[in-house]
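A.B. asks: based on what follows, work out the 3D shape:
(3 chains)
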Amino acid sequence: MADDATKRVLVIDDATLVRLYYRSALERAGFEVAEAFNGVEALEHLLGAHFDLLVVDVNMPQMDGLSFLRTLRARDLPWSSIPALVTSTESAPQRIAAANAAGANFYVVKPLRAEALVQYASLFCGIRHG
Amino acid sequence: MPLIRKPPASSGTATLAPDPAAVLDALTRGNHDERWAAARAAADLPSAVPALGSALAHENSPIVREALFSALARIATPQSVETVLPFLRSDDALIRTEASDALLAMKDAARAYVPALLKDQDSNIRILACVLVRDMPSQAAASLCCDLLDSEPEANVCAAAVEALAEIGESSALPALMRCADRFRATPFLEFSIRIVIDRFRSQLSSPRA
Amino acid sequence: MPEFPSLTQDEFRRLCEFLYRRTGMIFTEAKRYYVERRVVDRMLSTHAPSFEDYYARLRADMHGEIEQFVNAFTVNETYFYREEHQLSCLTSDLLAARLAVKRRGDPIRIWSVPCSTGEEPYSIAIWLLENWRHVDEYDIEIVGSDIDTAAVALARAGFYGKRALMRLPPRVVERYFASDGDASWRILDELRESVRFTAVNVLDRAATLSHGQFDVIFCRNVLIYFDDIARRTAAENLFESLLPGGFICLGHTESMSRISALFEVARFADAIVYQRPLEVTARG
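C.D. replies: Predicted coordinates for the structure are as follows:
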């Protein structure tokens, strides 16, 4: 894949306004964005399309973000190692440890600022500055 | 014509009036399939609520847990709700999700608990309460959300209340939304969310399109 | 007469979110025109003077408006070879996956529930005969079930009009149907006798259990009518009705995402389907 191809981000969060906030920030910065309501819908997306980054919330109905990550990492397919930025309302060390054990690459406490999200996304997608 | 064969008539129905004592026993003592079947059968036994709670405390299979929580949600008594509530505080994200889903599946029974949940010490429980509140009658729901917006210290919880108000659509919430935006001027996400809902309410009020 | 030819972006989004939360139906931007038309229809039928008014009515489920709305989408008219991509998936992928793990000699069991007036189960039978090269090598049981006993009776009788047959190639009609006079065709006796029809409510555990376990279940456009607890009950009943490793296919606007994580998500060239886990593993 060419370095300058548009990077695709899958935003996984059950809160509509959170997804909207992330979408507007990421699209303004030139990313393509898809949304999923929870881990099950995220798996449906991932089975059918390529993504460069996942932004995954933890607490979601039906399938939480950590169960989703464990399922994703266990599937042993090319896209199983997509970088995952986990977002959560929790900052306790054991919660962060649980996320890392599930396969998170990075953990951020909500609420996230648009600029920070774009910076993380650029970093994880290997976008060079300038 | 090739072999698509009509099967024989079904041989009897499953016995679904099992002995309650056997069901309760199998909740913890059976193999995986037996625990699953017992959990499903327990949905018809309101007296099984305590046993369902005990089984949940030790059950490692998400599949069996789904059936245990479903049984509680179908029984849907205040006792069911109170049995589910502690699991909202689990360190295991999946169990927290399962417990939330169970409450959401017994909204009528959970309704009486919403005001207290909106003031729970755990912010995630307050966030869940903001989802539960959406299924209450609009004005009562809006009123609870507005009260929260005036006193809630955590931005994430306010965001959940804003999201609820966005769905409920009661424009009487405008003043409380504006006050909250003022309080959280340093939190761009919350400002963004409130702005969207304020704009929506304003356009609702200004163009009735009758 | 109100004039509301379209919804604003915000209105469309709100509506879709609400519908997803309540019914599990997924509508994307691609479906916008389709959704708008039906909203306008419902607004006219309910005499709602504005979208806000209609949305409030929908949220409150006034006079069962949610069911009315969902009805507008499921299109009561059914026909043969509807959602052909799922039939393709069956013969391209699902059956092979099942055969890889089944015991020799066990029949392949397929359930169409709800089956309405029989178009779907008969379509499965015809499709297999026409498209599956292994059809002669295995015993295949096809069962069609519906809560509506009148529909089940019609399914057993097997008479269909032109509209029901519109997607079938003419040679398929010729091969499996006999003309019954005025724009009516009857499916051949051999085919009628090879599909078993029953009356069942997917919420009734005893009734679903009595049908045994299946390799593939087609369960389209019924879960969307249920509330959260009924959906869970139905999903658990359907889970029990699947053999380990068996597959369930939902309607094209439906997803398990709003219902349950019991099933694993599987995607094939032609469809997303859900699978009962083959084995119970320790939670990872």
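
A.B. asks: for chain A, which segments count as strands?
C.D. replies: Per DSSP state E, chain A carries strands over the ranges A:8-12, A:32-36, A:53-57, A:84-88, A:106-109.

A.B. asks: relative to residue C:266, which of those is closest?
C.D. replies: Closest approach to residue C:266 among the strands of chain A is made by strand A:32-36 (16.8 Å; CB to CB). Any C-beta I mention is one placed from the backbone N, CA and C, and that applies to glycine too.

A.B. asks: okay, the strands of chain A in CSV with mean pLDDT next?
C.D. replies: CSV is the format used below for these (pLDDT from 0 to 100):
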stretch, mean pLDDT
strand A:8-12, 98
strand A:32-36, 97
strand A:53-57, 98
strand A:84-88, 97
strand A:106-109, 96
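
A.B. asks: am I right that residue C:142 is in a helix?
C.D. replies: No. Assigned with DSSP: H, G, I helix; E, B strand; the rest coil, residue C:142 falls outside any helix and is strand.

A.B. asks: so of the strands of chain A, which one's packed in deepest?
C.D. replies: When you average the neighbours per residue for each of those (mean count of other CB atoms under 10 Å in any protein chain shown), strand A:53-57 leads with a mean of 26.

A.B. asks: pairing partners for it, with directions?
C.D. replies: According to DSSP bridges, strand A:53-57 has the following sheet partners: strand A:8-12 (parallel), strand A:84-88 (parallel).

A.B. asks: and the contacts of it?
C.D. replies: In this structure, residues lying in contact with strand A:53-57 by CB atoms under 8 Å, 6 or more residues apart in numbering or on different chains are A:7-15, A:18, A:22, A:42, A:65, A:68-69, A:82-88, A:104, A:110, A:117, A:121, A:124-125.

A.B. asks: and that strand with strand A:32-36, angle?
C.D. replies: 30 degrees (axes from the mean of the first three to the mean of the last three CA atoms, to 10 degrees).

A.B. asks: chain center to strand A:53-57: distance?
C.D. replies: 1 Å (CA atoms, centre = their mean, to the nearest Å).

A.B. asks: now stretch B:140-159
C.D. replies: 18 Å.

A.B. asks: do that stretch and chain A meet?
C.D. replies: Yes. Using CB under 8 Å from any CB of the partner chain, we find that stretch B:140-159 touches chain A at B:154, B:155, B:156, B:159.

A.B. asks: what comes up buried for that stretch?
C.D. replies: Using 16 or more other CB atoms under 10 Å in any protein chain shown as the test for burial, stretch B:140-159 gives B:141-146, B:148-149, B:152, B:155-159.

A.B. asks: ok, stretch C:185-204 next?
C.D. replies: C:185-187, C:191-192, C:194-198, C:200-203.

A.B. asks: do the same with stretch A:102-117
C.D. replies: Neighbour-count burial for stretch A:102-117 [16+ other CB under 10 Å]: A:102, A:103, A:104, A:105, A:107, A:108, A:110, A:111, A:112, A:114, A:117.

A.B. asks: so which of the buried residues of stretch C:185-204 belong to strands?
C.D. replies: In strands, judged by DSSP E, the following of the buried residues of stretch C:185-204 are found: C:185, C:186, C:187, C:195, C:196, C:197, C:198.

A.B. asks: got a list of what the third one touches?
C.D. replies: I take that to be residue C:187. C:118, C:122, C:158, C:160, C:176, C:177.

A.B. asks: just grab the bridge partners of the fourth one for me.
C.D. replies: The one in question is residue C:160. In this entry, residue C:160 is beta-bridged to residue C:185, by DSSP bridges.

A.B. asks: contacting residues for it?
C.D. replies: By CB under 8 Å, 6+ apart, residue C:160 lies in contact with C:80, C:119, C:177, C:184, C:185, C:186, C:187.

A.B. asks: ok, those vs residue C:225, which is closest?
C.D. replies: For the contacts of residue C:160, the nearest to residue C:225 is residue C:119 (19.2 Å; CB to CB).

A.B. asks: number of nearby residues for that closest one?
C.D. replies: Neighbourhood size, residue C:119 [other CB atoms under 10 Å in any protein chain shown]: 23.

A.B. asks: the nearest residue to it once chain neighbours are set aside: what secondary structure?
C.D. replies: The shortest distance from residue C:119 to any residue other than its chain neighbours is 4.6 Å, reached at residue C:78 (CB to CB, 6 or more residues apart in numbering or on different chains). With three-state DSSP as the basis, residue C:78 sits in coil.

A.B. asks: from residue C:196, how far off is residue C:78?
C.D. replies: Going from residue C:78 to residue C:196 by CB to CB, to the nearest Å gives 19 Å.

A.B. asks: now the helices: where do they sit in the chain?
C.D. replies: Unless you meant another one, I'm taking chain A. Ranges of helices within chain A are A:16-28, A:39-46, A:65-74, A:93-102, A:114-124, based on DSSP state H.

A.B. asks: wrong one, chain B
C.D. replies: Using DSSP H, helices in chain B cover B:20-29, B:32-42, B:49-58, B:62-75, B:78-84, B:93-104, B:107-110, B:114-117, B:123-132, B:138-151, B:155-168, B:174-183, B:188-206.

A.B. asks: go through the ones you listed and find the least confident stretch.
C.D. replies: Note on these: helix B:188-206 shows the lowest mean pLDDT, a mean of 89.

A.B. asks: what is that one packed up against?
C.D. replies: Packing partners of helix B:188-206 (3 or more CB pairs under 8 Å, 6 or more residues apart in numbering or on different chains; DSSP states H and E): helix A:16-28, helix B:155-168, helix B:174-183.

A.B. asks: show me how far stretch C:72-86 is from its chain's centre.
C.D. replies: On CA atoms, centre = their mean, the centre of stretch C:72-86 falls 8 Å from that of its chain.

A.B. asks: now that stretch: buried residues?
C.D. replies: C:72, C:73, C:74, C:78, C:79, C:80, C:81, C:82, C:83, C:86.

A.B. asks: for that stretch, how far is the first residue from the last?
C.D. replies: Start and end residues of stretch C:72-86 are separated by 22 Å (CA to CA, to the nearest Å).

A.B. asks: those residues of chain B touching chain A, which are they?
C.D. replies: Checking chain B against chain A by CB under 8 Å from any CB, the hits are B:62, B:91, B:93-94, B:96-97, B:100-101, B:104, B:123-124, B:127, B:154-156, B:159-160, B:162-163, B:166, B:187-190, B:192-193, B:196.

A.B. asks: of those residues, select the buried ones using a PyMOL command.
C.D. replies: Buried residues among the residues of chain B next to chain A (16+ other CB under 10 Å), as a PyMOL selection:
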select buried, chain B and resi 62+93+94+96+97+100+101+104+123+124+127+155+156+159+160+162+163+166+187+188+189+190+192+193+196
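
A.B. asks: can you pull out the strands in the stretch 151-284 of chain C?
C.D. replies: Here the stretch 151-284 of chain C has its strands, by DSSP state E, counting those that start in this stretch, at C:159-161, C:177-179, C:184-187, C:195-199, C:214-218, C:242-249, C:264-267, C:272-275.

A.B. asks: so which of those strands is nearest residue B:33?
C.D. replies: Nearest of these to residue B:33, taken as CB to CB: strand C:242-249 at 10.1 Å.

A.B. asks: is the closest one anywhere near chain A?
C.D. replies: No. No part of strand C:242-249 sits near chain A under the criterion CB under 8 Å from any CB; the closest distance found is 13.4 Å.

A.B. asks: partner strands of that strand, parallel or antiparallel?
C.D. replies: strand C:214-218 (parallel), strand C:272-275 (antiparallel).

A.B. asks: residue A:38: which of those strands is closest?
C.D. replies: strand C:272-275 (14.5 Å).

A.B. asks: quick one, which of the helices of chain A is packed in tightest?
C.D. replies: Highest mean neighbour count among the helices of chain A (mean count of other CB under 10 Å): helix A:39-46, a mean of 25.

A.B. asks: from chain A, how far out is residue C:29?
C.D. replies: 11 Å (CB to the nearest CB, to the nearest Å).

A.B. asks: check contacts around that residue.
C.D. replies: Residue C:29 neighbours (CB under 8 Å, 6+ apart): none.

A.B. asks: which of the ones in strands among the buried residues of stretch C:185-204 sits closest to residue B:31?
C.D. replies: Nearest member of those to residue B:31, counting by CB to CB, is residue C:198, at 30.2 Å.
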